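Mind looking at a prediction? Sequence and model below.
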Amino acid sequence: MPDDASDLADRVQAGDLRLYELDDETDADTAAAARRAVLERETDADTAALGAFAFDADQAADTAVENLTGGAQLPLGVAGPVALSGGAADGEYYLPMATTEGALVASVNRGCSAITAAGGANARVTKTGMTRAPVFRVADVTEGAEVAQWADDNTDALAAAAESTTSHGELTDVTPYVVGDNVYLRFRYDTKDAMGMNMATIATEAASELVEDETPAELVAVSGNLCTDKKPAAINAVEGRGRTVTADVTIPQDVVEERFDTTPAAIEEANTRKNLIGSAKAGSLGFNAHAANVVAAVFLATGQDAAQVVEGANAITTVEARDDALYASVNLASLEVGTVGGGTTLPTQREALDVLGVRGGGDPAGANADALAEIIAVGALAGEINLLAALASRRLSAAHADLGR
């Protein structure tokens with residue numbers, strides 16, 4: 001450890017510096033080393049692995065994390081290739097997945113193989129829009145209705161205020177909700193290739209100032225939880241958030257029997273009884289087998305906001321046994337992804353996006369994020385098909401045992 005890092009650690013322990021003040025004293029690498037030294041001294045932990053990271057410390061400290069101490073490494077595997085025909089993605093793709101769940105990549109890989117053998121999946125983004133919903137205080141319902149009507153009548157003025165804060169985001173609509181003496185305005189933005197949460201927040205703050213200037217409403221919070229971000233919510237399942245994307249495939253019966261040792265009818269029954277009836281009885285907001293597995297693994301690999309797996313895995317899986325074939329689809333109602341900004345700028349995440357061919361801004365704008373959403377949807381579809389087939393053939397536990405997990 002450099003002497004200056006050790007000296008800085010001494011000062012932290014003596015109370016002369018706080019951990020966050022280390023960034024004002026030295027470069028990010030040395031500050032991180034000093035924090036690791038403090039942790040080792042105070043917890044007896046060995047932090048050598050935390051200090052072995054490949055990203056640029058200064059960039060990470062500036063854009064991704066506070067109190068940078070090191071890096072957390074995850075195993076990354078690839079599933080595929082999987083063939084898909086989408087509105088933005090077209091071809092065969094290897095799906096990078098960062099995970100600690102043994103058998104997950106193998107499961108998705110098996111589904112990808114069956115999809116490709118069937119000629120590939122279809123995928124389409126059917127709705128786009130990042131939302132932010134501030135909550136305002138009003139005197140009563142009458143005043144609330146006045147504010148809601150003003151918002152309906154002045155969408156252009158709200159758009160001008162919001163878009164003055166960004167060169168990329170576009171306000172597409174504002175939906176008012178009045179609940180007693182509360183008014184919620186759910187702003188929806190086209191954020192192009194950015195996931196856009198910060199963009200939407202900053203733009204909505206500017207628009208909210210206009211609402212306060214022109215109406216009796218007083219802003220209480222720029223987020224009133226009607227957005228809804230990082231929490232399970234029916235509004236996202238119905239109205240969507242980020243990207244609403246659907247993927248489907250028709251797999252011939254002989255491919256199903258050869259690859260999965262079961263039948264389309266058995267897979268349909270497993271889906272109906274498990275994903276549809278079982279989920280309904282549980283009061284679930286998602287009607288799927290394990291879409292979160294694929295969403296989380298690809299999110300981690302490609303630098304997405306991991307907490308938004310909550311909304312991203314809000315999915316419905318449908319399965320039908322058709323004439324000598326299996327039809328399967330998955331609909332992800334609120335998949336929030338981006339290919340620019342945030343964690344997508346970190347080195348390993350950039351490389352994973354390069355594997356998919358979607359790093360950076362698309363042409364036209366938004367095309368790369370659309371393609372990423374379609375690829376994730378097809379990956380989720382592959383995972384759904386394989387897990388349902390494993391359940392139908394009673395091979396789930398055996399598969400985990402075979403892989404030693």
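Good, I have the coordinates. Numbering: from 1, shown residues only.

Let me see the ranges of the strands in the stretch 101-250 of the chain.
121-132, 135-137, 170-179, 182-190, 218-221, 242-252 (DSSP state E, counting those that start in this stretch).

can you put those in CSV and add distance to residue 59?
Placement of C-beta: from N, CA and C, glycine included. Shown next, in CSV, are those (distance: least, CB to CB, whole Å):
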stretch, distance to residue 59
strand 121-132, 24
strand 135-137, 35
strand 170-179, 29
strand 182-190, 26
strand 218-221, 31
strand 242-252, 25
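
Format those as a markdown table; extra columns: mean neighbour count and distance to residue 330.
As requested, the strands of the stretch 101-250 of the chain are exported to a markdown table (neighbours: other CB atoms under 10 Å; distance: least, CB to CB, whole Å):
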| stretch | mean neighbour count | distance to residue 330 |
| --- | --- | --- |
| strand 121-132 | 23 | 9 |
| strand 135-137 | 20 | 33 |
| strand 170-179 | 17 | 25 |
| strand 182-190 | 23 | 23 |
| strand 218-221 | 14 | 34 |
| strand 242-252 | 24 | 6 |
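
Serialize those to JSON lines and add fields for mean pLDDT.
Listed next are those as JSON lines, based on pLDDT from 0 to 100:
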{"stretch": "strand 121-132", "mean pLDDT": "97"}
{"stretch": "strand 135-137", "mean pLDDT": "98"}
{"stretch": "strand 170-179", "mean pLDDT": "97"}
{"stretch": "strand 182-190", "mean pLDDT": "98"}
{"stretch": "strand 218-221", "mean pLDDT": "98"}
{"stretch": "strand 242-252", "mean pLDDT": "98"}
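
looking at those strands, which is closest to residue 51?
Proximity to residue 51 (CB to CB) singles out strand 242-252 among the strands of the stretch 101-250 of the chain, at 34.8 Å.

Listing partners with orientation, what would you give for that closest one?
Strand 242-252 has its sheet partners listed here by DSSP bridges as strand 121-132 (antiparallel), strand 325-335 (antiparallel).

chain center to it, what's the gap?
In terms of CA atoms, centre = their mean, to the nearest Å, the centre of strand 242-252 is found 17 Å from the chain centre.

How about stretch 131-145?
Here stretch 131-145 is found 29 Å from its chain centre; the criterion is CA atoms, centre = their mean.

Tell me the span between the first and last residue of it.
End-to-end distance for stretch 131-145, by CA to CA, to the nearest Å: 21 Å.

picking up where we left off before, ok, which of the strands paired with strand 242-252 comes nearest residue 247?
Nearest to residue 247 among the strands paired with strand 242-252 is strand 121-132; the distance by CB to CB comes to 4.1 Å.

quick one, phi/psi of the closest residue to residue 344 other than its chain neighbours?
Setting aside the residues directly before and after it, residue 344 is nearest to residue 303 in space (CB to CB, 6 or more residues apart in numbering), at 4.1 Å. The phi/psi pair for residue 303 (degrees, to the nearest 10) reads phi 80, psi 30.

Wait, residue 303 touches residue 349, no?
Yes - using CB atoms under 8 Å, residue 303 is in contact with residue 349, at 3.2 Å.

Overlap in contacts, these two.
Counting by CB atoms under 8 Å, 6 or more residues apart in numbering, the common neighbours of residue 303 and residue 349 are residue 343.

The helix or strand hosting residue 8: which residues count as buried?
Taking DSSP states H and E as the criterion, residue 8 maps to helix 3-14. Residues 5, 8-9, 11-12 are the ones in helix 3-14 that count as buried (16 or more other CB atoms under 10 Å).

Also stretch 271-290?
271, 274-276, 279, 285-290.

Now compare the residues you listed and name the two farthest from each other.
Among the buried residues of stretch 271-290, 271 and 285 lie farthest apart (CB to CB), at 17.3 Å.

quick one on the thing from earlier: for the helix holding residue 8, which helices and strands make contact with it?
helix 28-43 (3 or more CB pairs under 8 Å, 6 or more residues apart in numbering; DSSP states H and E).

Now find how far off-centre the helix it packs on is within its chain.
31 Å.

CA-only coordinates of that helix, as CSV, when you get a sec.
Provided in CSV are the C-alpha atoms of helix 28-43 (Å, rounded to 0.1, in the frame of the first residue of the first chain):
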residue,chain,number,x,y,z
ALA,A,28,-9.4,8.3,-6.5
ASP,A,29,-7.0,5.3,-6.6
THR,A,30,-5.2,6.4,-3.5
ALA,A,31,-8.4,7.4,-1.7
ALA,A,32,-9.8,3.9,-2.4
ALA,A,33,-6.6,2.3,-1.0
ALA,A,34,-6.9,4.4,2.1
ARG,A,35,-10.5,3.3,2.6
ARG,A,36,-9.5,-0.4,2.2
ALA,A,37,-6.8,0.2,4.8
VAL,A,38,-9.3,1.6,7.2
LEU,A,39,-11.6,-1.4,6.7
GLU,A,40,-8.8,-3.9,7.2
ARG,A,41,-7.7,-2.2,10.4
GLU,A,42,-11.2,-1.9,11.8
THR,A,43,-12.8,-5.1,10.7
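
buried sites along it?
Residues 28-40 are the ones in helix 28-43 that count as buried (16+ other CB under 10 Å).

Put together a markdown table for those, with distance to residue 209 on each row.
Below are these laid out as a markdown table (distance: CB to CB, whole Å):
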| residue | distance to residue 209 |
| --- | --- |
| 28 | 35 |
| 29 | 40 |
| 30 | 41 |
| 31 | 37 |
| 32 | 38 |
| 33 | 43 |
| 34 | 41 |
| 35 | 39 |
| 36 | 43 |
| 37 | 45 |
| 38 | 42 |
| 39 | 43 |
| 40 | 48 |
